[in-house]
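[1] turn this into a model:
(2 chains)
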Amino acid sequence: MSHLSARGLTKSFGSLQVLKGVDLDIELGEALCIIGPSGSGKSTLLRCLNLLIIPDLGEVYLDNVKLTNPKIRPEWVRQQIGMVFQSFNLFTHLNATKNVMLGLRHAKKVSRAKAYEKAVFELNRVGLGDKLDAFPAQLSGGQQQRVAIARALAMDPKVILFDEPTSALDPESIHEVLEVMAQLAKERMTMAVVTHEMGFAREVADQVVFFDAGKILESGTPNDIFDRPKSERTRAFMDKILR
Amino acid sequence: MTAIPTDLGGRAPPVRAPSRVRALRPPYPVRLLRRAIPIGVGVAVGGLGVYVIVGLLGFYGAGDLRSLTAFVVAAAMGAGLSVVVVSARWFDPRWAGRLLTWKVWRSVLMGVLAGYGGVVFLIGLGRLGFYRLAFAESQVPGLLSGFTTTLEVVTVIVPLGFLIGFFVGWARTTGSLFLRGFGAYYVDFFRSMPPIALIFFASLVGALSLKNSGIDPYTSYQITLWLGVIALAMHTGAYQAEIMRAGILSVPAGQTEAADAVGISRVRSMFFVTLPQAFRISLPPLGNEFSSVIKDTSLLFVIGWYDLSGVAFAQSSTAGVPPTSYLYGSLVIWIVAAMLYFVVTYIVTRTVRVVEDMFKVPGLEAARQ
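    Coordinates of the predicted model:
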């Protein structure tokens, strides 16, 4: 079985069924891009993978460990699967280093000195070695998102989920964040990226999934999806964005 | 961009099935006990320590050490103190030290000096012949003992009301229907009662139920007095609960979600993510409410407290009627009482201001100036 896999994920909010039985496989060291129109349930799918939202039906497995087992703490699951949000969600009252340290200190219960060392390392890794003491309000959008990536990396996750990481950024910041993500993909970090950056998906992804109306319509290599889409709906989507 | 070392990310070893210890929560009683023991020890040590110090300083008079009053006050102060220390440690261990800065000492010193300076000034006026010196000097011991009693009540009411407000406000923002309902009814009830009715109600119910209990009259009288104090603390707790709730709700949902996403437990994310941001919003109105309840303690004299207002009321009434008939003296007594209230309120609001500074966030403080 693959590294992270979902089987038959279903989720409804009230009468609105957002996920309609989704099967998804992410291999170890693979970069998966999920594309599709807004409101199709991509973010909900991502949040179901690390149990930020508990799915109504279906299972999630991480290396054959069934994460949706009610005996497993969601906190433990989320320590294994990192997440980066569209709106960064940095802790506004903490500086960059402490933002990264928080999870280490209070979820992994690492000592202060070790957590600090790790935080400095991860911030250097995303190119923010000179912003260790800056607070989120003092950083640009791109810098904030890179701190958020460092925060996820610091937990040594098995998988990182990116939920439209560049949608709230200006073109220049988009570039610096995508560069960090491309570097991670090159290092064979397993990642699932919900994105509208088609260039990034085409260049970096090992697998691209087209998602619409709560279902995976098509999946395959970037070339398959972008150049030779099989389904009518995918072709219509591609025609609009790649024109 | 700095070079990214390639040997780190990437091919992580396969996840092993979680061991029982790491993946499964211990049963609820065990978790409760783990949390309760350090807090219990803190309250016990803090309470005993304050009890001894207070006794040694003669705050209540040496003979009073064994009295219920002294014990309740000391235990409450100790509990308040240990809660402050424990929560400060939860936020950041250096904060406990940062709170006791020169700024706080200076405000305490200035407040006390202003209070005693005012008394001395009035006595000086008396010496210069503005009014009867002998009369003024005869009033001072009573007023100072009333001042001490007010301090005693305030040291219980402010931490106790804060604790009530903190937990009720928190309860109103949780997902539990029971806790939310309890908080809503609590706030609705205690906010709708005039504090004076609550004080009478608590002490009279106490007096009636203790009437035939065999407890000696002195002790049961003390109990009814403190029941009035607790009623007032519950009243201010209702207001503070709403302030805390507003603060907690002002923190964007994304903050909690981010804390969830790194795998922090709900309680820890409350203490390390939500509350530090909520306090930034809540502290100014909390300071407001503290100063308001300090002055509300003046209502306690209706059930027999000889606090500052009780003493001022008794002494100014006596002064104003025959044989003294010294109305000017009655006025002076209330002026002194007002000044002493100012001292207490000033110290508390200044301390809150220092705490506000501790919660300031660089880049977000522009609105504060």
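
[2] whichever residue of chain A sits closest to chain B: what's it in contact with?
    When you check chain A against chain B by Cβ to the nearest Cβ, the closest residue turns out to be residue A:137, at 2.8 Å. For glycine as for every other residue, the C-beta is placed from the backbone atoms N, C-alpha and C. The contact partners of residue A:137, by Cβ atoms under 8 Å, 6 or more residues apart in numbering or on different chains, come to A:92, B:361, B:362, B:363, B:364.

[3] what pLDDT is listed against it?
    In this model, residue A:137 is scored at 89, pLDDT.

[4] cool, the one 3 residues further on as well?
    Taken from the predicted model, the pLDDT recorded for residue A:140 is 89.

[5] ok, it - contacts?
    Neighbouring residues of residue A:140 by Cβ under 8 Å, 6+ apart: residue A:173.

[6] if I look at it, how far off is residue B:161?
    43 Å (Cβ to Cβ, to the nearest Å).

[7] any low-confidence regions in chain A?
    For chain A, the stretches flagged by pLDDT under 70 are A:242-243.

[8] sketch out the helices for it, chain order is fine.
    For chain A, applying DSSP state H gives helices covering A:42-49, A:74-80, A:96-106, A:112-125, A:141-154, A:171-186, A:198-204, A:222-227, A:232-241.

[9] tell me what angle the longest one forms with helix A:141-154.
    So that's helix A:171-186. Relative orientation of helix A:171-186 versus helix A:141-154 (axes from the mean of the first three to the mean of the last three Cα atoms, to 10 degrees): 20 degrees.

[10] need the residues that contact helix A:171-186.
    Contacts of helix A:171-186 (Cβ under 8 Å, 6+ apart): A:31, A:126-127, A:140-143, A:145-146, A:149, A:153, A:160, A:162, A:165-166, A:169, A:191, A:193, A:197, A:200, A:203-205, B:1, B:4, B:6, B:9.

[11] buried residues in that helix, which are they?
    Under the neighbour-count criterion of 16 or more other Cβ atoms under 10 Å in any protein chain shown, helix A:171-186 has A:173, A:174, A:176, A:177, A:178, A:179, A:180, A:181, A:183, A:184, A:185 buried.

[12] likewise for the last one?
    If you call a residue buried by 16+ other Cβ under 10 Å, then helix A:232-241 has these buried ones: A:234, A:237, A:238.

[13] now tabulate these in a markdown table and tack on distance to residue A:217.
    Formatted as a markdown table, the buried residues of helix A:232-241 follow (distance: Cβ to Cβ, whole Å):
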| residue | distance to residue A:217 |
| --- | --- |
| A:234 | 6 |
| A:237 | 9 |
| A:238 | 12 |
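
[14] need the buried ones from the contacts of helix A:171-186 selected in ChimeraX.
    In ChimeraX, a selection of the buried entries from the contacts of helix A:171-186 looks like this (16+ other Cβ under 10 Å):
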select /A:31,126,127,141,142,143,145,146,149,153,160,162,165,166,169,191,193,197,200,204,205 /B:4,9
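
[15] any idea how far residue B:320 is from residue B:141?
    Residue B:320 is 20 Å from residue B:141, by Cβ to Cβ.

[16] over to residue A:95?
    From residue A:95 to residue B:141 the distance is 54 Å (Cβ to Cβ).

[17] now do the helices in the stretch 251-369 of chain B.
    All helices of the stretch 251-369 of chain B, identified by DSSP state H, counting those that start in this stretch, fall at B:253-261, B:266-269, B:275-296, B:308-320, B:327-358.

[18] for the third one, name the packing helices and strands.
    In terms of contact count using 3 or more Cβ pairs under 8 Å, 6 or more residues apart in numbering or on different chains; DSSP states H and E, helix B:275-296 is assigned the packing partners helix B:133-171, helix B:217-249, helix B:327-358.

[19] what's near enough to touch the spatially closest residue to residue A:134 that is not a sequence neighbour?
    In space, residue A:134 comes closest to residue A:96 once its chain neighbours are excluded; the distance is 5.5 Å by Cβ to Cβ, 6 or more residues apart in numbering or on different chains. For residue A:96, the contact set (Cβ under 8 Å, 6+ apart) comprises A:123, A:128, A:131, A:132, A:133, A:134, A:135, A:136, A:139, A:147, A:150.

[20] now which of the residues you listed would you call buried?
    Here, 16+ other Cβ under 10 Å leaves A:123, A:128, A:131, A:132, A:134, A:135, A:136, A:139, A:147, A:150 buried among the contacts of residue A:96.

[21] who's in contact with the last one?
    By Cβ under 8 Å, 6+ apart, the residues touching residue A:150 are A:96, A:100, A:119, A:122, A:123, A:125, A:126, A:128.

[22] hmm, back to that, pick out the most distant pair among the buried ones among the contacts of residue A:96.
    Greatest spatial distance in the buried ones among the contacts of residue A:96: A:135 and A:150, 14.9 Å, computed using Cβ to Cβ.

[23] how far away is the residue in chain B that chain A sits nearest to from residue B:280?
    The nearest approach of chain B to chain A comes at residue B:363, 2.8 Å away (Cβ to the nearest Cβ). Distance, residue B:363 to residue B:280, using Cβ to Cβ: 13 Å.

[24] again with residue A:176
    In terms of Cβ to Cβ, residue A:176 sits 30 Å off from residue B:280.

[25] ok, now residue B:341?
    The separation that residue B:341 has from residue B:280, given Cβ to Cβ, amounts to 29 Å.

[26] over to residue B:188?
    27 Å.

[27] picking that back up, can I get the helices of chain A in CSV with distance to residue B:194?
    What follows is the helices of chain A, written out as CSV (distance: least, Cβ to Cβ, whole Å):
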stretch, distance to residue B:194
helix A:42-49, 49
helix A:74-80, 46
helix A:96-106, 44
helix A:112-125, 50
helix A:141-154, 50
helix A:171-186, 57
helix A:198-204, 65
helix A:222-227, 70
helix A:232-241, 66
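
[28] what's the nearest residue to residue A:26 if we skip its chain neighbours?
    residue A:4 (4.4 Å).

[29] close enough to count as contact, the one you found and residue A:50?
    No: in this structure residue A:4 lies outside contact range of residue A:50 using Cβ atoms under 8 Å: 9.6 Å.
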